[in-house]
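Enquirer: generate a structure from the sequence data that follows.
(chains A and B)
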Protein chains: 2
Amino acid sequence: MASFRKPIHIETVIEKIWKYRKSGENETVGLKDTLGRFLGEDIIATTDIPRFNKSPYDGFALRAIDIKEATSDNIVELMVIDCIGAGMISEKRVQPFEAIRIMTGAQLPDGCDAVMMLELVKEITKDGAVYIQVKKSLKQGENISFKGEDIVNGKKLLEAGIKVNPGIQSILATFGYSQVEVKRQPVIGVFATGSELLDVEDHLAPGKIRNSNSYMLCGQIERSGGKAIHYGLIPDSLEKVYHSINRAIEEVDILVTTGGVSVGDFDYMPIIYEKLHANVLCNKIAMRPGSVTTVAEVNGKLLFGLSGNPSACYVGFELFLRPLIRDMLGSKKPFAKKVKAVLGTDFPKVNPFTRFVRSKLYFQNTKLIVKPIGLDKSGVIYSLALADCLLVLPGGSRGFQAGMEVDVLLLEDQEGGEKY
Amino acid sequence: MASFRKPIHIETVIEKIWKYRKSGENETVGLKDTLGRFLGEDIIATTDIPRFNKSPYDGFALRAIDIKEATSDNIVELMVIDCIGAGMISEKRVQPFEAIRIMTGAQLPDGCDAVMMLELVKEITKDGAVYIQVKKSLKQGENISFKGEDIVNGKKLLEAGIKVNPGIQSILATFGYSQVEVKRQPVIGVFATGSELLDVEDHLAPGKIRNSNSYMLCGQIERSGGKAIHYGLIPDSLEKVYHSINRAIEEVDILVTTGGVSVGDFDYMPIIYEKLHANVLCNKIAMRPGSVTTVAEVNGKLLFGLSGNPSACYVGFELFLRPLIRDMLGSKKPFAKKVKAVLGTDFPKVNPFTRFVRSKLYFQNTKLIVKPIGLDKSGVIYSLALADCLLVLPGGSRGFQAGMEVDVLLLEDQEGGEKY
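Expert: Predicted coordinates for the structure are as follows:
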């Protein structure tokens, strides 16, 4: 039967669940498999970059002093005594009025202190020797990429917990990280409960609907960087639910159920929590949608009972599960990134609780505009497909007008935030 | 030897390569494997949503007419004649002053036209029968989710070419798409050329550097939605390069080389293009970095010769390869999303060509600010790791000042743009 539930604040929920967070373990993967993973170790420069003074252009390495008077009216000729490609080292040392042909990326030969670009000289042959005609001067050090000017050996480049992008893969390769310590992906199990649910393959029957939340949740888990175990559908049979959940807890870092958490007569979840000797941390949260979210703890593992309503389920995941997953992945910014935007339409609906509205961000000139997608009515799953952010509207007694400045949580952002 | 190269505009390059784009093929994957894939078919609603009039709350289905006079001073009693959970159908039909206990999501019983929330009534038992005491009225249709109010059967919900996110997975599940047509991932092969290059595992040697571009490119290919084949390193030996490239062309949709495309003496790529009877579409582009990008076509397949300079390689990929990949994935917005931002620092450097500066976007209140990361000097790979956008500075004879409005191409965006 219906029991009283006291709504608690989102911040309080975060505090409660944060006590049971676990630091993630590391595993080693090959460099090619690091995209989208989270670094398990700080990445340290193992050499200077550039590793040596080098030429950024194809041209001629020379001594600036030899050409300091060179102009188009006073052409200076230098004898070309060697030619080196990238990866090659010249054995020779330039003497006055000598130059070495050098390719992009090659190490600057001893004695040279500037590089003249290929296009700016004329090559001629005299007595079997090659000369260049130079008609402009260079400063000492001009057109040289200096050893260590980009990165100094030993510098900490990247912190553990950062998500790997292609540019980071480039850094890992440059410093010889052929095997990389990354965070193990937290394993999150997902159950859909509810006797009204059919499997995706099933034919429709009167009064029944297809299970969609568990597929959505698995997608959200993957997007957050976790690994999902899709346990699928459990009918609302007390014994079956209990045994399945009890077994699943052993296999996962966090367990999520969707459905069966409202105050309906056919909701077995409160009984299940009792049978599991679960420590219920909250069973109602001061938010819309998603107020009937339950969070419990069994032997140090968290169990989330998300609403069966798709929007509530979606929002509950993003607000509570995503930060836990990102935290296990070592992120220093496990929360959704919060930005300010201008509300693009009126939102007159009033609610005592903070409301999270599935919305879309627009870039209008240099301004960020946010607009809710469709209705925010329970069950409108269509809007979930198009949302790229959650508009945060504080609870209170007034509505919101277009033009107001509002908070927005980004859903597809890669960087994260330090708190809500 | 150095040959003259005429720089052509980015738009012209796009036009030229667009002639050789290929529409991607479809393949079928299970619903659980669709995250991040691109839809190969339009997704059509196969039922109304909700499928039937249903209760959005736990409560009592009743006839609004019976309680139209109900107030706290005029309590109306209704007899509860049945109790249905979600997925159940009531066999009974309510008569005047009767109600049916109904759980969230259950189909509204025949004869009922409103739902009273559980919390608002008192249940009593009289003579073995259960009654509820109602002390407020409801409008006809109040607290009912109506058949088709969210989505009407037959509606086109999503277009082919859209990237699948968790909300879309929810839609696919709802409408029974257990197997989904998605676009086959274009296969892009990557070669790193350059005799200065060592493998990531190799010990460093004088004048040599580690290959990093090919790992970065594979990451960029994956981020774009393609499948990378990492062919690794080829020394600058003419025969080896030719044979490897010739063989690889057969295995891929697009082939990319990095390095060996400048005008240096040790650059074999132009000879390779000749041996392959390649139709060179361009060998210099009016942009910085990346001007030495070469694009050729062999038997209808595109070969990209990107610069060996990491920044140039990175930018060349994002500007030309990414749109081709996204186009093969069916995206109607294959280009990087372009937004306006306020330049956060001066950028005095002048360039005749359009410059793409690796930068980071900041959200300051509701404003978008863009700041270049570090120096934009060739070889600064560190900035690639932190960049989330490319600042676009048009070529010309003047620099740029903080506060100016500039174009920015987003690197991690999921949506894309219709053109640059």
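
Enquirer: shaky segments in chain A?
Expert: A:1-4, A:235-236, A:261-267, A:375-381 (pLDDT under 70).

Enquirer: what's near enough to touch the residue lying farthest from the centre of it?
Expert: Distance from the C-alpha centroid of chain A, by C-alpha atoms, centre = their mean, peaks at residue A:127 (62.6 Å). Contacts for residue A:127 (C-beta atoms under 8 Å, 6 or more residues apart in numbering or on different chains) come out as none. The C-beta positions use only the backbone N, C-alpha and C, and glycine is treated the same way.

Enquirer: measure it to residue A:81 for me?
Expert: 14 Å (C-beta to C-beta, to the nearest Å).

Enquirer: ditto for residue A:16
Expert: The value you get for residue A:16 to residue A:81, if C-beta to C-beta is used, is 75 Å.

Enquirer: doesn't residue A:125 lie inside a strand?
Expert: Yes. Membership of residue A:125 in a strand is supported by DSSP: H, G, I helix; E, B strand; the rest coil.

Enquirer: is it true that it touches residue A:132?
Expert: No. Look at residue A:125 against residue A:132 with C-beta atoms under 8 Å: they stay out of range, at 10.8 Å.

Enquirer: who's more crowded, those two?
Expert: Set residue A:125 next to residue A:132 and count neighbours by other C-beta atoms under 10 Å in any protein chain shown: residue A:132 wins out with 23 against 9.

Enquirer: does the more buried one touch residue A:80 like I think?
Expert: Yes. Residue A:132 is within contact range of residue A:80, at 6.1 Å (criterion: C-beta under 8 Å).

Enquirer: hmm, who's touching the longest strand along chain A?
Expert: Using DSSP state E, we find that the single longest strand of chain A is strand A:354-364. With C-beta under 8 Å, 6+ apart as the test, strand A:354-364 has contacts from A:10, A:286-290, A:311, A:314-315, A:319, A:341, A:344, A:347, A:349, A:368-373, A:376, A:383-384, A:386-395, A:408-410, B:339-340, B:368.

Enquirer: quick one, which of these are buried?
Expert: For the contacts of strand A:354-364, a burial check counting by 16 or more other C-beta atoms under 10 Å in any protein chain shown picks out A:10, A:286-290, A:311, A:314-315, A:319, A:341, A:344, A:347, A:368-373, A:376, A:383-384, A:386-393, A:408-410, B:339, B:368.

Enquirer: filter those down to the ones in helices?
Expert: A:10, A:311, A:314, A:315, A:383, A:384, A:386 (DSSP state H).

Enquirer: could you export these to JSON lines, including columns for distance to residue A:47?
Expert: JSON lines is the format used below for those (distance: C-beta to C-beta, whole Å):
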{"residue": "A:10", "distance to residue A:47": "47"}
{"residue": "A:311", "distance to residue A:47": "51"}
{"residue": "A:314", "distance to residue A:47": "46"}
{"residue": "A:315", "distance to residue A:47": "47"}
{"residue": "A:383", "distance to residue A:47": "51"}
{"residue": "A:384", "distance to residue A:47": "47"}
{"residue": "A:386", "distance to residue A:47": "47"}
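
Enquirer: out of those residues, which comes closest to chain B?
Expert: Nearest to chain B among these is residue A:384, at 3.2 Å by C-beta to the nearest C-beta.

Enquirer: number of residues surrounding the nearest residue to the closest one once chain neighbours are set aside?
Expert: Leaving aside its sequence neighbours, residue A:384 sits nearest to residue B:167 (C-beta to C-beta, 6 or more residues apart in numbering or on different chains; 3.2 Å). Neighbourhood size, residue B:167 [other C-beta under 10 Å]: 26.

Enquirer: what of residue A:18?
Expert: The burial count for residue A:18: 12, using other C-beta under 10 Å.

Enquirer: separation between it and chain B?
Expert: According to C-beta to the nearest C-beta, to the nearest Å, residue A:18 and chain B sit 24 Å apart.

Enquirer: and if you look at residue A:409?
Expert: 12 Å.
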